[in-house]
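A.B. asks: give the three-dimensional model of this entry:
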Amino acid sequence: MQLNKKAEVVNGKKQIYTELVVVAHQDDIEIMCPQAIIKGYQSDKYGMVGVVCADGSGSPRSGPFASMTNEEMMKVRRLEQIKAAEIGDYSALVMLNYTSSELKDRNNPSPKNDVKEIVLNYKPETMYIHNLADKHPTHVGTAVNCVKALRELPKEARPKKLYGCEVWRNLDWLADEEKVFFDLTGYEQLMRDVLDVYESQIAGGKEYCTAAIGRRAGNATFSASHGVDVAEHVAYGMDLTPLIEDDSIDPKQFIVDKIMQFAKDILV
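C.D. replies: The predicted structure follows:
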């Protein structure tokens, strides 16, 4: 696998690679894709590969991390991500170490090419990325790179399913028939454990663990107004598979169509 010179691969204890999660930042895997972590956790059938594209240099910092340089912060975030991967039993962790500006640069082919290499190497059945309506520009840039990468692969080399997941905008607005429900019930402690390692972010004023678990509990309770809860914790996904089955679909129009469906639901 030929990746950019700054990339690092940390292998886990097993060689099963059915799930692939590609995110922008350290801790995005654990916020965005608990469903893939759970699926691969201590499983002899499934295994998750996590890919973090950014180097962590732009992270907010305060308290004991306030005076750290970008280089020092990168080291801290690297170790936190590796620890999360160990706790979550990831099959492999790939850190590409791009800057945010590199990931947002639509004319920079390197991140896209790395994703192609990763998909060809691990041959995942299912892939998870940021949803294309996320409000963080680096997340959107990373997701766009992933769609471009997959479209440059032969159809037979692409994953069977592609999902966009929640971080900096939830997917509650999607029409119910459009939502993909991932039941996380029974794994709350594991979800806490993989997020609690990010001390640099918690100290920086971001209680991601509490917020992420609260969102999932809210999804479970507010998913249906006329029925009892069938799950305690739920993550939502957006099915992006059509974008890798039909290369003629414009990703921007794909999202606009989802938004217009939401508008129709409101205006009925």
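A.B. asks: residue 183 touches residue 234, doesn't it?
C.D. replies: Yes. Contact criterion Cβ atoms under 8 Å: residue 183 and residue 234 qualify, at 6.1 Å. C-beta: built from backbone N, CA, C; applies to glycine.
A.B. asks: which one of the two is surrounded by more residues?
C.D. replies: residue 234 (23 against 16; other Cβ atoms under 10 Å).
A.B. asks: correct me if wrong: that one contacts residue 181.
C.D. replies: Yes. Distance between residue 234 and residue 181: 5.6 Å, which falls inside the contact criterion (Cβ under 8 Å).
A.B. asks: what residues are shared contacts of those two?
C.D. replies: residue 223 (Cβ atoms under 8 Å, 6 or more residues apart in numbering).
A.B. asks: what about the stretch 51-200 of the chain, any weak spots by pLDDT?
C.D. replies: Counting by pLDDT under 70, the low-confidence segments of the stretch 51-200 of the chain come to 61, 63, 66.
A.B. asks: need the strands for it, in chain order.
C.D. replies: Using DSSP state E, counting those that start in this stretch, the strands assigned to the stretch 51-200 of the chain run over residues 92-98, 126-130, 161-165, 179-183.
A.B. asks: which one of those lies closest to residue 137?
C.D. replies: Within those, the stretch nearest residue 137 is strand 126-130; the backing value is 10.6 Å (Cβ to Cβ).
A.B. asks: show me what the closest one packs onto, helices and strands only.
C.D. replies: The helices and strands touching strand 126-130, judged by 3 or more Cβ pairs under 8 Å, 6 or more residues apart in numbering; DSSP states H and E, are strand 19-23, helix 28-32, helix 34-40, helix 137-151, strand 161-165.
A.B. asks: what does it contact?
C.D. replies: Contacts made with strand 126-130 from outside it, assessed by Cβ under 8 Å, 6+ apart, are listed as 18-24, 28, 32-33, 35-36, 119, 136, 139-140, 142-143, 146-147, 150, 159-165, 167, 237, 240.
A.B. asks: whichever of these end up buried, select them in PyMOL.
C.D. replies: One line in PyMOL is enough to select the buried ones among the contacts of strand 126-130; burial here means 16 or more other Cβ atoms under 10 Å:
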select buried, resi 18+19+20+21+22+23+24+28+32+33+35+36+119+136+139+140+142+143+146+147+150+159+161+162+163+164+165+167+237+240
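A.B. asks: right, and the helices and strands packed on strand 126-130 - which one's nearest residue 77?
C.D. replies: Checking the helices and strands packed on strand 126-130 against residue 77 by Cβ to Cβ gives helix 28-32 as the closest, at 11.3 Å.
A.B. asks: which residues does that closest one contact?
C.D. replies: Contacts of helix 28-32 with the rest of the structure, by Cβ under 8 Å, 6+ apart, involve 21, 23, 36-37, 50, 52, 81, 84, 88, 128, 130, 139, 165-167, 191, 194-195, 198, 208, 212.
A.B. asks: ranking the strands of the stretch 51-200 of the chain by burial, who's on top?
C.D. replies: With neighbours taken as mean count of other Cβ atoms under 10 Å, those reach their highest mean count in strand 126-130, at a mean of 26.
A.B. asks: strand partners of that strand, parallel vs antiparallel please.
C.D. replies: Applying DSSP bridges to the sheet, strand 126-130 is found paired with strand 19-23 (parallel), strand 161-165 (parallel).
A.B. asks: so which of the strands of the stretch 51-200 of the chain comes closest to residue 111?
C.D. replies: With Cβ to Cβ as the criterion, residue 111 lies closest to strand 92-98 of the strands of the stretch 51-200 of the chain, at 5.8 Å.
A.B. asks: that closest one versus strand 19-23: what angle between them?
C.D. replies: Angle of strand 92-98 versus strand 19-23, following axes from the mean of the first three to the mean of the last three Cα atoms, to 10 degrees, is 20 degrees.
A.B. asks: for my notes, confirm residue 235 occurs in a strand.
C.D. replies: Yes. Applying DSSP: H, G, I helix; E, B strand; the rest coil, one finds residue 235 inside a strand.
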